[in-house]
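> The following comprises the amino acid sequence and a computationally predicted model.
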Amino acid sequence: MSGADKKKVVYNIRRFIPEEDPRPHWESYFIEVEKGMTVLDGLHQIKERTDPTLSWRFSCRMGVCGSCAMLINGRPQLACNTQILEVSESTIALAPLPNFDIVRDLVPDLTPLFEKHKAIRPFIVDEGSDKDLFGEHCQTPEDLLAYLQFSYCIKCGACMSACPTFATDPSYAGPQPLAQTHRYNEDTRDQGFGKRSLVAGEGHGAFHCHYAGECSNVCPKGVDPARAIQLLKRSLVLDYLNLRSPHRHAEIIGPDTNAKKLPNIPSAPAYTVK
């Protein structure tokens, strides 16, 4: 794009430097934009040419790490995945993710998210024998599909910032941790349902969700936390009524097992997800 084709776009950015500002305020910057530039590119242009004090969080620039999530024209999005001209050809308003404290400028304090995520034991819980611990746990493609989409979460915080329940109740577990609770509960290799239910089933857990659905609307990876929470509620109720059927655990192959004796186990790659 030639210089004549470049557009002038104003960035209205919510600034806050704790040691200098009594409260957040807005500052405006003009940048030159060409087709294909992302919101993150515009921030770098401002920092390099206009204001080196501007702060935000980023890492991969590829929509993988989730670091650069922020409020872009009123919607939680990844700055690296959002093209400026697809949002607006005149004005871009940027603010840190709502529902979190501000560290500085566009940097939210995601400590509550990580603490809540940690509380639900986001890993495979295996309480079996040494063979269970050191053997290979095999899954069928159907077993994988039961939780696959929920495993795409990158912990960017977008769903938490869009959640009206979390906005009014900071003690609420939130869509990200609850969706990951369901993800691990549905994993056939896992045996941690009982321990996670102590968090997911208490007063600020899954049943505190009002099903607004905004968490699913804003997820940049296409995860559906709202659906996961409803499925989690069902599992908790069935478990309370002693009607829940535990999932069939993955077949375990011990480290000394001769694989030739197990012809039904597919060799890698075991499946292709489209």
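Received it, and whenever you're ready, just let me know what you need. Numbers count the residues shown, from 1 in each chain.

> measure the most centrally placed residue in the chain to residue 78 for me?
By C-alpha atoms, centre = their mean, the mean C-alpha position of the chain lies nearest to residue 155, the distance being 3.2 Å. Between residue 155 and residue 78 the computed distance is 12 Å (C-beta to C-beta, to the nearest Å). In short, each C-beta sits where N, CA and C put it, glycine included.

> Please identify every residue contacting each of those two.
Residues touching both residue 155 and residue 78 (C-beta atoms under 8 Å, 6 or more residues apart in numbering) are residue 66.

> related to what we said a few turns ago, now for the residue lying closest to the residue nearest to the centre of the chain once chain neighbours are set aside, which secondary structure element holds it?
Counting by C-beta to C-beta, 6 or more residues apart in numbering, residue 66 is the residue found nearest to residue 155 once chain neighbours are left out, at 5.6 Å. Per DSSP states H and E: residue 66 is located in neither a helix nor a strand.

> what's residue 66 in contact with, if anything?
By C-beta under 8 Å, 6+ apart, the neighbours of residue 66 are 78, 154-158, 220.

> And the longest helix along the chain, what does it pack against?
Ranked by residue count under DSSP state H, the longest helix found in the chain is helix 225-240. Counting contacts by 3 or more C-beta pairs under 8 Å, 6 or more residues apart in numbering; DSSP states H and E, helix 225-240 is packed against helix 175-185, helix 193-200, helix 214-218.

> where does the chain have low pLDDT?
1-4, 128-133, 247-274 (pLDDT under 70).

> Quick one: the strands in it, in order.
Residue ranges of the strands in the chain, as given by DSSP state E, are 7-15, 25-33, 69-72, 75-78, 91-95, 102-104, 107-108, 136-138, 251-253.

> ok so, going back, among the helices and strands packed on helix 225-240, which is the most enclosed?
Mean neighbour count (mean count of other C-beta atoms under 10 Å) peaks for helix 175-185 among the helices and strands packed on helix 225-240, with a mean of 27.

> CA atoms only: put that helix into CSV for me.
Provided in CSV are the C-alpha atoms of helix 175-185 (Å, rounded to 0.1, in the frame of the first residue of the first chain):
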residue,chain,number,x,y,z
PRO,A,175,-16.1,-19.7,32.9
GLN,A,176,-12.4,-20.6,32.2
PRO,A,177,-11.8,-22.7,35.3
LEU,A,178,-15.2,-24.4,35.1
ALA,A,179,-14.8,-25.2,31.4
GLN,A,180,-11.5,-26.8,32.3
THR,A,181,-13.1,-28.7,35.1
HIS,A,182,-15.4,-30.3,32.6
ARG,A,183,-12.5,-30.9,30.2
TYR,A,184,-10.5,-33.0,32.7
ASN,A,185,-13.6,-34.7,34.1
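
> any idea how far that helix is from the chain center?
In terms of C-alpha atoms, centre = their mean, to the nearest Å, the centre of helix 175-185 is set 10 Å apart from its chain centre.

> tell me the angle it makes with helix 225-240.
50 degrees (axes from the mean of the first three to the mean of the last three C-alpha atoms, to 10 degrees).

> Show me what helix 175-185 is packed against.
Looks like helix 175-185 contacts helix 111-119, helix 158-162, helix 193-200, helix 214-218, helix 225-240 (3+ C-beta pairs under 8 Å, 6+ apart).

> Ok, which of these comes nearest residue 17?
helix 111-119 (19.4 Å; C-beta to C-beta).

> Next, the angle from the closest one to helix 175-185.
20 degrees.

> how about helix 111-119: buried residues?
112-113, 116-117 (16 or more other C-beta atoms under 10 Å).

> mind saving the C-alpha coords of that helix as PDB?
Extracted as PDB, the C-alpha positions of helix 111-119 are listed here (Å, rounded to 0.1, in the frame of the first residue of the first chain):
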ATOM      1  CA  THR A 111      -3.800 -13.600  39.200                       C
ATOM      2  CA  PRO A 112      -7.500 -14.400  40.000                       C
ATOM      3  CA  LEU A 113      -7.800 -16.400  36.800                       C
ATOM      4  CA  PHE A 114      -4.700 -18.400  37.400                       C
ATOM      5  CA  GLU A 115      -5.500 -19.100  41.100                       C
ATOM      6  CA  LYS A 116      -9.000 -20.300  40.200                       C
ATOM      7  CA  HIS A 117      -7.600 -22.400  37.400                       C
ATOM      8  CA  LYS A 118      -5.100 -23.900  39.700                       C
ATOM      9  CA  ALA A 119      -7.800 -24.700  42.300                       C
END
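
> Cool, thanks, signing off.
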